[in-house]
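Student: Just a sequence and a predicted model for now, questions to come.
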Amino acid sequence: MSTMLILASASPFRRMLLTNAGIIFHAQTATIDERSIEAGMADQALTPAGVALYLAEAKARRVGKENPEAIVIGSDQTMSLGARVYHKPADMAEAREHLLSLSGQTHQLNSAVVLTRGDDVLWQHVDSVRMTVRPLTPGFIDRHLRRVGENALSSVGAYQLEGEGIQLFEAVDGDYFTILGLPMLPLLAQLRHLKVIDA
């Protein structure tokens, strides 16, 4: 179990999940232009879950090029409501628009994780969660965004379920770790299978 494990992510939440699980790993940000990559995928008609998987692999491959002997964890998350795919809000006005559009609706979060070594994809997995936002008044959204501040800009849905964002919801159908951006149970099972962590 001496294989180096690298998380190709700048996400503090993903780092926290692995650290809390007792996993020894390095973290390295994968510098890719996600929007350009998505634009290049436009003719492939990928589902939002497929986009998350594609981007997770791109991140793992990017970091893996510099660390060919390591096993690299790439991950990505997409969020969709009907045909609309959401991205992190650019500013508080866009965060407000996101929450207004989600009010009273059920949207889907897709979290993908890919393991690579060198040029090889060792394993890939995507998990989805259905999340129902309660009906929200514009006044409540404004007060909520004032309280959470720019934290609203750090996630694709303009909310953090692990914080005050829980107040926005009436139902969540799926895995909590998937919501945070890393499906931990299947990932840990695969790391045991690959003998990267103690089985």
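Tutor: Happy to help now that I have it. Numbering: from 1, shown residues only.

Student: which other helices and strands contact the longest strand seen in the chain?
Tutor: Counting by DSSP state E, the longest strand found in the chain is strand 120-133. Where contact means 3 or more CB pairs under 8 Å, 6 or more residues apart in numbering; DSSP states H and E, strand 120-133 is packed against helix 48-66, strand 106-117, strand 169-173, helix 176-180, helix 184-193. C-beta coordinates here come from the backbone N, C-alpha and C atoms, glycine included.

Student: most neighbours per residue, which of those?
Tutor: Highest mean neighbour count among those (mean count of other CB atoms under 10 Å): strand 106-117, with a mean of 24.

Student: What strands flank that one, and is each parallel or antiparallel?
Tutor: strand 71-81 (antiparallel), strand 120-133 (antiparallel) (DSSP bridges).

Student: Tell me which of the helices and strands packed on strand 120-133 lies nearest to Arg134.
Tutor: Closest of these to Arg134 is strand 169-173, at 4.1 Å (criterion: CB to CB).

Student: hang on, the earlier thing: buried set for the longest strand of the chain?
Tutor: Residues of strand 120-133 classed as buried: Leu122, Trp123, Gln124, His125, Val126, Asp127, Ser128, Val129, Met131, Val133 (neighbour count, 16 or more other CB atoms under 10 Å).

Student: what does stretch 64-77 give?
Tutor: Judged by neighbour count using 16+ other CB under 10 Å, the buried positions of stretch 64-77 are Gly64, Asn67, Ala70, Ile71, Val72, Ile73, Gly74, Ser75, Asp76, Gln77.

Student: export those residues to TSV and tack on distance to Ala152 and pLDDT?
Tutor: Listed next are the buried residues of stretch 64-77 as TSV, based on distance: CB to CB, whole Å; pLDDT from 0 to 100:
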residue	distance to Ala152	pLDDT
Gly64	32	94
Asn67	34	94
Ala70	34	96
Ile71	34	97
Val72	30	98
Ile73	27	98
Gly74	26	97
Ser75	21	95
Asp76	20	92
Gln77	16	91
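
Student: Which of these sits closest to Ile197?
Tutor: Of all the buried residues of stretch 64-77, Ile197 sits closest to Ile71, with 10.5 Å by CB to CB.

Student: got a list of what the nearest residue in space to Met92 that is not next to it in sequence touches?
Tutor: Leaving aside its sequence neighbours, Met92 sits nearest to Leu145 (CB to CB, 6 or more residues apart in numbering; 6.0 Å). Leu145 is in contact with Met92, Ala95, Arg96, Leu99, Ala152, Ala158, counting by CB atoms under 8 Å, 6 or more residues apart in numbering.

Student: got CSV for the helices and strands packed on strand 120-133, with distance to Gly139 too?
Tutor: Formatted as CSV, the helices and strands packed on strand 120-133 follow (distance: least, CB to CB, whole Å):
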stretch, distance to Gly139
helix 48-66, 31
strand 106-117, 22
strand 169-173, 18
helix 176-180, 26
helix 184-193, 37
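
Student: Thr19 is nearest to which of these?
Tutor: helix 184-193 (11.8 Å).

Student: low-scoring stretches of the protein, by residue?
Tutor: 1-2, 33-35, 37-45 (pLDDT under 70).

Student: Done for today, thanks.
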